[in-house]
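Student: Would you be able to build a 3D model of this:
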Amino acid sequence: MSEEKKTAPIRDQASVERRVAGASSQILDIIGLKGQAQPSEPFPLACSGYASEEGVIRMRHPWSFYGASDTDLRAAIGRLRKDLPTSGWKIVKDGTDGSQADSPQIIANSDDGQLSVDLVLSIEPAGGEYKSSIEVVVVSTCFRQEPGETPSAG
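Tutor: Next comes the predicted model:
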């Protein structure tokens, strides 16, 4: 019996990066609060299960939203729960993150299966070192770049 080798589709990194950034923007719009987003840029990350010389990557965009009240952040998670399915996302997990704090967590996949988002509501004690926030990570599926294209830093 031969083992079938896993192959990743060829996609343009810049297009995937724009799509991931666009999904993050869409999620920020659904959050719909005044506050601060600690943005980063999407960046390439090697995909496990592939040899490094195959150049198989995914785009990852972690960021957080903070500066709103705990009540408003809880309401924003409720909006995400309600609006993600009508905005092209399928919720695949809606529960807690399994941490000691049992923080609310929503994981959703884009309708076309090309993106996933992991959202965690982190409520911090008043007067604590950290601010309450919604932690967001948008990732793409694994892909290979066009032959000759090298991964950019984002």
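
Student: Only C-alpha atoms from now on, for both contacts and neighbour counts.
Tutor: OK.

Student: which one's the longest strand in the protein?
Tutor: The longest strand of the chain (DSSP state E) is strand 56-66.

Student: Now do that one: distance to the chain's middle.
Tutor: On the basis of Cα atoms, centre = their mean, to the nearest Å, strand 56-66 sits 5 Å off its chain's mean C-alpha point.

Student: CA-only coordinates of it, as CSV, when you get a sec.
Tutor: Provided in CSV are the C-alpha atoms of strand 56-66 (Å, rounded to 0.1, in the frame of the first residue of the first chain):
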residue,chain,number,x,y,z
VAL,A,56,4.4,25.4,2.0
ILE,A,57,3.1,28.3,4.1
ARG,A,58,0.0,29.8,5.6
MET,A,59,-0.7,33.4,6.4
ARG,A,60,-1.3,34.3,10.1
HIS,A,61,-2.6,37.6,11.5
PRO,A,62,-2.8,37.9,15.3
TRP,A,63,-4.2,41.1,16.8
SER,A,64,-6.2,42.2,19.8
PHE,A,65,-8.9,44.8,20.5
TYR,A,66,-9.0,46.6,23.8
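
Student: What are the buried residues along the lowest-mean-pLDDT helix or strand in the chain?
Tutor: Across the helices and strands of the chain, the lowest-confidence element by mean pLDDT, DSSP states H and E is strand 36-38, at a mean of 89. Residues of strand 36-38 classed as buried: none (neighbour count, 16 or more other Cα atoms under 10 Å).

Student: do stretch 78-93 as well
Tutor: By 16+ other Cα under 10 Å, the buried positions in stretch 78-93 come out as 80, 81, 84, 89, 90, 91.

Student: Can you get me the start-to-end distance on that stretch?
Tutor: From its first residue to its last, stretch 78-93 covers 14 Å (Cα to Cα, to the nearest Å).

Student: now it, how far from the chain's geometric center?
Tutor: That offset, for stretch 78-93, works out to 13 Å (Cα atoms, centre = their mean).

Student: what is the mean pLDDT for it?
Tutor: Taken as a whole, stretch 78-93 has a mean pLDDT of 97.
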